[in-house]
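J.: Build the 3D model from these lines:
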Amino acid sequence: MVVVLDKRIDRIDRKIDKGRIKKKRSEDLETTQAVIDKRTAMILYDLINRGYLDSMKGVVASGKESNVYWATAEENGVTRDLAVKIYRTSTMDFKRIWVYIQGDPRFTKVKRDTRSIVYAWAEKEFKNLRLADEAGVRVPKPVVWRGNVLVMEFIGENGVSAPRLREAMVEDPEPVFKIVFDYVVRLYEKAELVHADLSEYNILYWDEPVVIDVSQAVLLSHPLALDFLARDLKNILRYFSSLGVEVPSLEEAYKKVTGEELVWRQESL
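T.: Coordinates of the predicted model:
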C-alpha cells in the first residue's frame, strides 16, 4: 500500500512539474515541496480524479500561511483557469487565527491539534467566499474545498494574478471606493459577515475590485465582529483618502453600515 501511495504522489508531482511556468525561479520547486506533503498530495490526486483539476502550473503567490497555484480544468470542452490555495500545516500562526475561529458558531467542535485547525481555516474561507458571493460581493468564486486545499476562480490572465489594489493603476479611485464601501455594507447586511482584515492589500483590481483572503472573516455573532468592522473601515478610509477621495469620517461610515453609533475602542483599532 505504501508503494502505491508513493507512485500516486510521484504522478501528481510530475503533473505539477510538467505544467510549471517556465519563467518561475528555481526556488518555486522548493516552495512546492515544502507545502505539498503526502496528505496534501493525496487530496490533489482526489481532486484530479474527480475532474476538479487537470493540471497545476506553478506558484502565483506565496505567503507564511498558504501558497496559491495557477491551475486549469476542462469544462464542456473549454479550459478554465483556477486558483488552488494550499494552506501550510507547518508555519500557520495558530494563536493568531484561533481568535477568528473560537468565536464562530460554525466551528465550535474544532479540535486544537494543528491539522484540525488548518482544515477548519480552509473550510472557513470556502464558506465565507460562498456567503460573500451570494451577497453580491465580488470575490473569487469558490469551487471545492478538501482538507487544507481550496479551489476557486482565478482572478487574472494566463497565470498572472490581478494586481492588489495597492499596486493597481486606478485612474479614478472615487467610484472604486464606492464599490468597496458597498461591499462592506453587503457583507454586513446580506452575508452577516465582517471581513476582519480588509485593506488595499486584500483587494485585487481586475476591471473592478475583488475581495480576497476571507478566511478570517467572522459572522456578526462573533464577540469582536464590530471591532473588526471599525478596523476594516478605518483601513479603507485611510487608503482612499490618501488617493484624494473625499471620504466620510470613521464614525459616519460606521453608522452608515450598522445604523449605530461607533463605540470607540482605541486598543482594538
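
J.: can we go C-alpha only for contacts and neighbour counts from here?
T.: Will do.

J.: Please tell me how far the nearest residue to L198 once chain neighbours are set aside sits from A225.
T.: The spatially closest residue to L198, leaving aside those adjacent along the chain, is D232, at 5.0 Å (Cα to Cα, 6 or more residues apart in numbering). According to Cα to Cα, to the nearest Å, D232 and A225 sit 10 Å apart.

J.: hey, what's in contact with both of these two?
T.: Common neighbours of D232 and A225, counting by Cα atoms under 8 Å, 6 or more residues apart in numbering, are A196.

J.: As a check, name the ranges of all strands in the stretch 51-200 of the chain.
T.: Counting by DSSP state E, counting those that start in this stretch, the stretch 51-200 of the chain has strands at residues 55-62, 66-75, 78-87, 142-146, 149-153, 156-157, 160-161, 193-194.

J.: Pull the CA coordinates from stretch 64-84 and hand them back as PDB.
T.: Listed in PDB are the C-alpha atoms of stretch 64-84, where the atom choice follows Å, rounded to 0.1, in the frame of the first residue of the first chain:
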ATOM      1  CA  LYS A  64       3.500  32.400   5.500                       C
ATOM      2  CA  GLU A  65       0.200  30.600   5.800                       C
ATOM      3  CA  SER A  66      -0.500  29.500   2.300                       C
ATOM      4  CA  ASN A  67       0.600  29.200  -1.400                       C
ATOM      5  CA  VAL A  68      -1.700  29.900  -4.300                       C
ATOM      6  CA  TYR A  69      -1.100  28.000  -7.600                       C
ATOM      7  CA  TRP A  70      -2.400  28.600 -11.100                       C
ATOM      8  CA  ALA A  71      -4.300  25.500 -12.200                       C
ATOM      9  CA  THR A  72      -6.600  24.500 -15.100                       C
ATOM     10  CA  ALA A  73      -9.600  22.300 -15.600                       C
ATOM     11  CA  GLU A  74     -11.600  21.300 -18.600                       C
ATOM     12  CA  GLU A  75     -15.300  22.200 -18.500                       C
ATOM     13  CA  ASN A  76     -17.500  21.400 -21.500                       C
ATOM     14  CA  GLY A  77     -14.500  21.400 -23.800                       C
ATOM     15  CA  VAL A  78     -13.300  24.800 -22.500                       C
ATOM     16  CA  THR A  79     -10.200  25.200 -20.400                       C
ATOM     17  CA  ARG A  80     -10.900  27.100 -17.200                       C
ATOM     18  CA  ASP A  81      -8.300  28.900 -15.100                       C
ATOM     19  CA  LEU A  82      -8.400  28.200 -11.400                       C
ATOM     20  CA  ALA A  83      -6.600  29.200  -8.300                       C
ATOM     21  CA  VAL A  84      -5.600  26.400  -5.900                       C
END
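
J.: how does this structure divide into domains?
T.: In terms of domains, the chain is parsed into 2-161, 173-268 (source: automatic domain parsing).

J.: Give me the residue ranges of the stretch 1-150 of the chain where confidence is low.
T.: Within the stretch 1-150 of the chain, the ranges that satisfy pLDDT under 70 run 1-35, 91.

J.: let's go with 90 and repeat that
T.: When residues are selected by pLDDT under 90, those of the stretch 1-150 of the chain lie in 1-38, 55-58, 61-65, 74-79, 88-99, 101-116.

J.: show me what contacts the closest residue to V180 other than its chain neighbours?
T.: Taking Cα to Cα, 6+ apart as the measure, V180 lies nearest to P209, with 7.0 Å between them; neighbours along the chain are not counted. For P209, the contact set (Cα under 8 Å, 6+ apart) comprises R138, L165, V176, I179, V180, I203.
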